[in-house]
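Participant: have a look at this prediction, sequence included:
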Amino acid sequence: MRPTLRALREARWTIVAFAIAAFAMTALQSVAYFRMAGHTFAEHAAFGYSLSLEALANPVLVPPPLHPETVAGYVELRAFGPLAILFAAWALVSATASTSRRIVSRAAAFAISVIIAAAAACVGVLIGVASGGESVGVLRVVEAGLLLVALATSCYAICLVVAQGTSAPTVVAGGLLLALFFLNGLGRVFTQQLAEARWLSLFRYYELSAPLPAGGRFDVGGFAVLLVIAALGIGAATVLSTRRLSTASMRIASVKPRRPTFEPSPVSLLAFPVSRDLYPQRVALTAWGLAFAALGVVLVAAARTSMQDLLALPRGLPGLPQYIFVFYAQVLGQTWFEVALLMFVALVFAFVARWAADDREGRLETQLSAPYSRSAVVLERLAALAFTSAALAALSGLAVAFTSGALNLGLDPTRLADACLVLILFSVVLGAAGSFLTSSVPRAAPALAGTLVLAAYLDDQIGGPLGVPRWLQDISPFRLVGAPLASGVDGRSVALLLLFTLAFAGSSILAMQRRDVGA
Amino acid sequence: MLPEMAVAAIRTSGLTKDYGGGHGIFDLDLQVAAQQVLGYLGPKGAGKTTTIRLLMGMIRPTRGSAYVFGLDCLREAVEVKRRVGYVPDETPEFGAMRGGEVVAYLAGLRGGVHKDRVRELAERFDLDLGRPHREYGRDDRQRLSIVLAFMHDPSLLILDEPSRGLDEERARELHALIDEAREAGATILLASRSAAEIERHCDVVALMRRGKLSRLMRAEDLPAELEERNRKALPS
């Protein structure tokens, strides 16, 4: 019990941050619904239809919504959908960050943390829905919360198992979760080819239920499978951990000592700025590169299938575009570009977490014991992120261009280049904000960066209906990136992104100069 | 005479870092001449590491100033660190990076480090640079910190409990290395909780107590001073 309490105490700020995020997501989305959906039956129907079309255009990320014209259906789609991704990311970081061997205690602490955050999400739904004078069954809300807990703990268990067998647990477990997520998402598009394989993904079992909207259901079987995965995973991780420790000590005793090396590494990349920062992350960066390229290819194919589904809709319905060229670009904007934005958020988060760890684990103090200025630390970190983002955006853009060409889908190369440029700027502006947080409050930086990204996302998505001032909506990076594939880039938005990057980078340098390191 | 010898190697004036609750260091006035070896002796929490972090420009003073070879430790931190080799109080964590990669990385940041010198130090301390840092034990990590501090033959060595975690043989090697650095003309600030270690190497000893400099004396006077303190501490 005591180790669990200790783990909970250590994670208290993370729990608070996730609980606030979960509450804000459900409460604000519920409130926003009442301001967006209109008042008449026809207005509700039109609103629901537009959401269904949006989901049809981006089936990889968004499952087909059930009654999106109702507040319950809307919240299921727009609040619990993103929360499932957020909680999966939380599970990944929690399971792979700690090196403690008390696996069961850690898992119990994580489960309790997730229950607290899921409860906050449920309270958010009840308050938000009540604010519009409607109500939603408490049991349905609790079921939605329980599903989040089951998904997060099963993700946690899978990551724990992976962490026992690799020296790069975050990369490998993150790659596996991402693969499972996209296996399920792509299964919605390639229904024939991936029909069987989709059942390998735990996200599929989560998606079997949609308890909130009328006519939705809580799939007990899917829920039970998630709990079984969680229990088996934690059990397997405990066994593997014990076995790993005993075999490691046996190996040390039995293996012939190898010839020691007294030479410094001959790798010349370690001698140059930026490359010396990226070289230790080469395995992770290669994995990112493969993921970006693979998604570029697969999402183009998914966009073509979605486009065919959309074209099969009866003509004359509202929301259907006129021209096939614009149409493909729009669908690709919904699939590839939006997924790429999400991936860049994850990339920036990984960089910010690493910068915070540099501070916590004494690497920053060691760097600063060399003749290396604090401004150089900040600038080199941002340059490394910019370089990585440029490489990944180019890789993904090339994959999109080649696949589009191979499938005879017309795509304006200038617009594609614009989209890649915007992705780089998006990544760098988020990174600069993360750098400012790391320079100011390193320990809380990852949680604060996550909160900032969520706030920017909600600002763009529901800022208008919630009465957020127009200027504040217009500076959300999610708004500033626009829709480059469909309508090109806006010079003013690019200038603002650059300006914010410079402002955050400058503030970051100042904050870094003024604070204590290793105190 | 080297230009560095013309000014004090370390000079602090009214140096204070107040963490509140009586923690930190207060009004520290200290001067260490070039090529001198200063022992910085005191129990845990006496303020040794805080002073060292102030000299290294890692933390900002509440008031007062600190200079190394006439250079301001905050404003001219980069120049200061060009001249300094540093063994920190706590060893850092470099995860999957190999020892040799850590050395190459920091040598790259520093510049002007000779491979032969690194090899010589690693051999003397029997430190396998081919192993990942995460596999290093506590003593391996301490030995790596020593290699990193000495690899560029600095004019000033700031060593915060450098023998901690080392076995007897490696501690002897470290003492030999400190003697060599001293003979080569380096100034040394050696913080330790071990009076024997301080006595062995130092010309001057600064006794720290609760964040204040309680006495500054010649090293040969240290045994008598400690005996006197022990006598006073014993009940009559």
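Facilitator: Perfect, I can see it now. Residues are numbered from 1 along each chain as shown, chains lettered A, B, ... in the order given.
Participant: going forward, measure contacts between C-alpha atoms and count neighbours the same way
Facilitator: Will do.
Participant: give me the contact list for the longest helix along chain B.
Facilitator: Longest helix in chain B by number of residues (criterion: DSSP state H): helix B:168-183. The contact list for helix B:168-183, computed with C-alpha atoms under 8 Å, 6 or more residues apart in numbering or on different chains, reads B:35, B:37, B:124, B:125, B:153, B:163, B:188, B:201.
Participant: show me the helices in chain B, by range?
Facilitator: B:3-6, B:48-55, B:77-83, B:99-110, B:115-124, B:138-150, B:168-183, B:195-201, B:222-233.
Participant: which residues of the stretch 251-400 of chain A lie near chain B?
Facilitator: A:260-267, A:270-272, A:276, A:280, A:361-363, A:365-373 (C-alpha under 8 Å from any C-alpha of the partner chain).
Participant: before we move on, back to that, can you add distance to residue A:214 and give the helices of chain B back as TSV?
Facilitator: Formatted as TSV, the helices of chain B follow (distance: least, C-alpha to C-alpha, whole Å):
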stretch	distance to residue A:214
helix B:3-6	81
helix B:48-55	63
helix B:77-83	66
helix B:99-110	59
helix B:115-124	70
helix B:138-150	60
helix B:168-183	73
helix B:195-201	77
helix B:222-233	80
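Participant: in CSV, list those along with mean pLDDT and distance to residue A:432.
Facilitator: As requested, the helices of chain B are exported to CSV (pLDDT from 0 to 100; distance: least, C-alpha to C-alpha, whole Å):
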stretch, mean pLDDT, distance to residue A:432
helix B:3-6, 52, 40
helix B:48-55, 96, 28
helix B:77-83, 96, 24
helix B:99-110, 96, 23
helix B:115-124, 96, 36
helix B:138-150, 96, 31
helix B:168-183, 95, 43
helix B:195-201, 89, 46
helix B:222-233, 80, 53
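Participant: need the residues of the stretch 51-200 of chain A near chain B, please.
Facilitator: Counting by C-alpha under 8 Å from any C-alpha, the stretch 51-200 of chain A comes close to chain B at residue A:167.
Participant: can you list the domains in chain A?
Facilitator: Residue ranges for the domains of chain A, per automatic domain parsing: A:1-251, A:274-519.
Participant: okay, how far is it across stretch B:69-80, tip to tip?
Facilitator: Its start and end residues considered, stretch B:69-80 measures 8 Å (C-alpha to C-alpha, to the nearest Å).
Participant: how distant is that stretch from the center of its chain?
Facilitator: Chain-centre distance of stretch B:69-80: 17 Å, with C-alpha atoms, centre = their mean, to the nearest Å.
Participant: could you list the buried residues of that stretch?
Facilitator: Within stretch B:69-80, the residues scored as buried using 16 or more other C-alpha atoms under 10 Å in any protein chain shown are B:69, B:70, B:71, B:72, B:73, B:74, B:76, B:77, B:78, B:79, B:80.
Participant: returning to what we had before: most neighbours among the contacts of helix B:168-183, please name it.
Facilitator: Highest neighbour count within these, by other C-alpha atoms under 10 Å in any protein chain shown: residue B:188, with 30 neighbours.
Participant: can you pull the contacts of that residue?
Facilitator: Per C-alpha under 8 Å, 6+ apart, neighbours of residue B:188: B:35, B:36, B:37, B:38, B:156, B:157, B:158, B:159, B:182.
Participant: ChimeraX command for the buried members of those residues?
Facilitator: Listed next is the ChimeraX selection for buried residues among these, using 16+ other C-alpha under 10 Å:
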select /B:35,36,37,38,156,157,158,159,182
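Participant: dump the domains of chain A to TSV, plus mean neighbour count.
Facilitator: Listed next are those as TSV, based on neighbours: other C-alpha atoms under 10 Å in any protein chain shown:
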stretch	mean neighbour count
domain A:1-251	20
domain A:274-519	19
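Participant: and residue B:138, which of the ones you listed is closest to it?
Facilitator: Relative to residue B:138, the nearest member of those by C-alpha to C-alpha is domain A:274-519, separated by 14.5 Å.
Participant: what pLDDT, on average, does the closest one get?
Facilitator: The pLDDT scores in domain A:274-519 average 89.
Participant: what secondary structure does the residue of the stretch 101-250 of chain A at minimum distance from chain B sit in?
Facilitator: Residue of the stretch 101-250 of chain A nearest chain B, by C-alpha to the nearest C-alpha: residue A:167 (7.5 Å). Secondary structure for residue A:167, judged by DSSP: H, G, I helix; E, B strand; the rest coil, is coil.
Participant: so what's it up against?
Facilitator: residue B:96 are the contacts of residue A:167 under C-alpha under 8 Å, 6+ apart.
Participant: report pLDDT for it.
Facilitator: 70.
Participant: before we move on, what about residue A:202?
Facilitator: pLDDT, residue A:202: 95.
Participant: correct me if wrong: it contacts residue A:228.
Facilitator: No: Residue A:202 is beyond contact range of residue A:228, at 10.9 Å (criterion: C-alpha atoms under 8 Å).
Participant: what separates the residue nearest the centre of chain B from residue A:285, distance-wise?
Facilitator: Centre of chain B computed as the mean C-alpha position; nearest residue by C-alpha atoms, centre = their mean is residue B:159, 1.7 Å away. Using C-alpha to C-alpha, we find residue B:159 at a distance of 37 Å from residue A:285.
Participant: out of the domains of chain A, flag the one nearest residue B:86.
Facilitator: domain A:274-519 (6.8 Å).
Participant: and the contacts of residue B:188, which two are the farthest apart?
Facilitator: Longest span within those, C-alpha to C-alpha: B:35 and B:159, 14.8 Å.
Participant: which residues touch residue A:148?
Facilitator: A:83, A:84, A:87, A:118.
Participant: which of the helices or strands spans the first one?
Facilitator: Residue A:83 is part of helix A:81-97 when elements are defined by DSSP states H and E.
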